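**Student:** this one's sequence-less:
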Ligand SMILES: NC(=O)C1=CN([C@@H]2O[C@H](COP(=O)(O)OP(=O)(O)OC[C@H]3O[C@@H](n4cnc5c(N)ncnc54)[C@H](OP(=O)(O)O)[C@@H]3O)[C@@H](O)[C@H]2O)C=CC1
Ligand SMILES: O=C(O)[C@@H]1CCC=N1
C-alpha cells in the first residue's frame with residue numbers, strides 16, 4: 001500500500017514521553033524517511049540515552065516545555081494515569097502556541113484533554129500499536145471540532161508513515177479499537193508463546209520452533225490480507241476432513257476459544273472506559 005510522505009516543509013513533531021509506543025512511532029517514522037524534525041521529552045535519562053545512541057538526529061530533553069517550543073504537532077505518549085498532570089503543565093504554553101495535540105493514551109477522552117490543556121485546543125485522539133516499529137502498525141483516529149483539515153492530514157500522515165489508519169466520527173469506538181488493535185499484538189504474541197511451549201514439548205528445538213511459528217503467523221496474516229477469502233474460508237482450506245487441523249481445532253473450540261476472546265476483548269474495552277472515568 002502506498003504511504004503518502006509528509007508535506008514539503010518539515011513537520012516538527014514533539015513526543016512527550018519516550019516509552020515503548022513513542023519509540024515504535026519514532027523508529028517507524030525514521031525508517032519511512034518522513035520529512036519531519038523529531039524531538040522527544042522524557043524525565044528518564046536512560047530512555048533518552050537509548051534514543052540518542054541509535055538516532056542522534058532526534059533532539060532529546062527532560063524538559064517538556066522546551067521540547068514543545070515551535071512544534072507543529074505534539075504527541076502525548078505518557079501513561080493515562082499521569083496525563084492530567086502532564087497536560088496541565090503544558091496548558092499555558094499550549095494557549096500561546098496552539099499546536100495540534102495527538103494523544104495516544106488509552107481511555108483518556110478528548111473533552112478531558114482539552115480541559116486540562118486550557119480549552120479550544122486542536123486534539124486528535126488515536127490508538128496505534130507497536131508494529132508501527134516495523135511500519136506495519138494499525139491506528140484508529142478521532143479528531144475534535146478544533147482540528148483543521150491540514151492538521152487532520154498532518155495526523156493522518158504521521159500515522160500512515162507507520163501503517164494503516166482508520167478514522168472514527170464516534171470517539172467511544174476507540175475503546176473497541178484499543179481492545180482489538182491497540183492491545184491486539186499481545187494476543188498474537190501470547191498465541192506464539194503457547195505454540196512455542198507446545199512445539200518444544202513435541203520435540204522441536206527452540207530456534208526451529210520459533211522460525212516455523214513466526215513464519216506461519218506472517219504467512220497467515222499475509223494470506224488473510226491479500227486473499228479474497230475471509231479467514232473462515234481460509235481456515236477451511238487448511239482443514240482436511242478427519243485430518244490433523246480438525247483434531248487441533250476441535251480442542252480449541254471445545255475449550256471455549258470464541259467465548260474466551262469475547263470475554264477478553266470486553267475486558268480490554270471496559271478497562272479503557274474505566275481509565276476514562278478514573279481520569280476525567
Ligand atoms: N504500548 C503499547 O502497545 C501502546 C500504548 N499506548 C498508549 O501509549 C502511552 C504510553 O504507553 P507505553 O509507551 O506503553 O508506556 P511507557 O511506560 O513505556 O512510556 C511512557 C513514558 O513516559 C515517561 N514519562 C513519565 N512521566 C513523564 C512526564 N512527566 N513527562 C514526559 N514523559 C514522562 C515514562 O518515563 P518513566 O518510565 O520514567 O516513568 C515513560 O518513558 C499510554 O498512554 C498507552 O495507553 C497506545 C497504544 C499501544
Ligand atoms: O495496555 C495498554 O493499556 C496499552 C493500550 C493498548 C496497548 N497497550
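**Tutor:** That came through fine. This is a predicted model, so every value here is computed, not measured. Ligands and ions are numbered 1, 2, ... in the order given.
**Student:** pLDDT value on the residue of the chain found nearest ligand 1, please?
**Tutor:** For the chain, the residue closest to ligand 1 is residue 19, as judged by CB to the nearest ligand atom, at 1.7 Å. Yep, even glycine has a C-beta here, placed from its N, CA and C like the rest. Note on residue 19: pLDDT of 93.
**Student:** what's the neighbour count on it?
**Tutor:** When counting by other CB atoms under 10 Å, one arrives at 14 neighbours for residue 19.
**Student:** list the contacts for the nearest residue to residue 78 once chain neighbours are set aside?
**Tutor:** Distances taken as CB to CB, 6 or more residues apart in numbering put residue 17 closest to residue 78, at 3.9 Å, once the chain neighbours are dropped. Residues near residue 17 by CB atoms under 8 Å, 6 or more residues apart in numbering: 41-42, 76-79, 86.
**Student:** and the pLDDT at the closest residue to ligand 2 within the chain?
**Tutor:** Taking CB to the nearest ligand atom, ligand 2 has its nearest neighbour within the chain at residue 182, 3.4 Å off. On pLDDT, residue 182 comes in at 97.
**Student:** mind checking how far it is from residue 24?
**Tutor:** Using CB to CB, to the nearest Å, residue 182 is found at 12 Å from residue 24.
**Student:** intersection of neighbour lists for the two?
**Tutor:** Common contacts of residue 182 and residue 24, defined by CB under 8 Å, 6+ apart, comprise residue 128.
**Student:** sorry, back to before: who wins for neighbours among the contacts of residue 17?
**Tutor:** residue 77 (28 neighbours).
**Student:** got a list of what that residue touches?
**Tutor:** Each residue near residue 77 by CB under 8 Å, 6+ apart is listed here: 15-19, 21-22, 25, 104-105.
**Student:** try it again with 6 Å
**Tutor:** By CB atoms under 6 Å, 6 or more residues apart in numbering, residue 77 lies in contact with 15, 17, 21-22, 104.
**Student:** at the contact with ligand 2, which residues of the stretch 101-250 of the chain appear?
**Tutor:** 106, 178, 182-183 (CB under 6 Å from any ligand atom).
**Student:** quick revisit: from the contacts of residue 17, which is closest to residue 153?
**Tutor:** residue 76 (19.4 Å; CB to CB).
**Student:** is that closest one bridged to anything, and to what?
**Tutor:** Residue 76 has the following beta-bridge partners by DSSP bridges: residue 16, residue 103.
**Student:** which stretches in the stretch 51-200 of the chain count as strands?
**Tutor:** Taking DSSP state E, counting those that start in this stretch as the criterion, the stretch 51-200 of the chain contains strands spanning 59-61, 73-76, 100-103, 123-127, 137-143, 163-167.
**Student:** report the distance from the first one to the chain centre.
**Tutor:** Strand 59-61 sits 22 Å away from the centroid of its parent chain (CA atoms, centre = their mean, to the nearest Å).
**Student:** partners of that strand, with directions?
**Tutor:** strand 36-41 (parallel).
**Student:** do the partner strand and ligand 1 meet at all?
**Tutor:** Yes - counting by CB under 6 Å from any ligand atom, ligand 1 is contacted by strand 36-41 at residue 41.
**Student:** for that strand, buried residues please.
**Tutor:** For strand 36-41, burial by neighbour count (16 or more other CB atoms under 10 Å) applies to 36, 38-41.
**Student:** need the residues you listed in CSV (columns: distance to residue 173).
**Tutor:** As requested, those are arranged in CSV below (distance: CB to CB, whole Å):
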residue, distance to residue 173
36, 28
38, 29
39, 31
40, 29
41, 30
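**Student:** between those, which is nearest residue 124?
**Tutor:** residue 36 (16.0 Å).
**Student:** for the closest one, which residues are in contact?
**Tutor:** Residue 36 is in contact with 6, 10-11, 13, 29, counting by CB under 6 Å, 6+ apart.
**Student:** what's the farthest-apart pair in those?
**Tutor:** Taking CB to CB as the measure, the contacts of residue 36 span a maximum distance of 11.6 Å, between 10 and 29.
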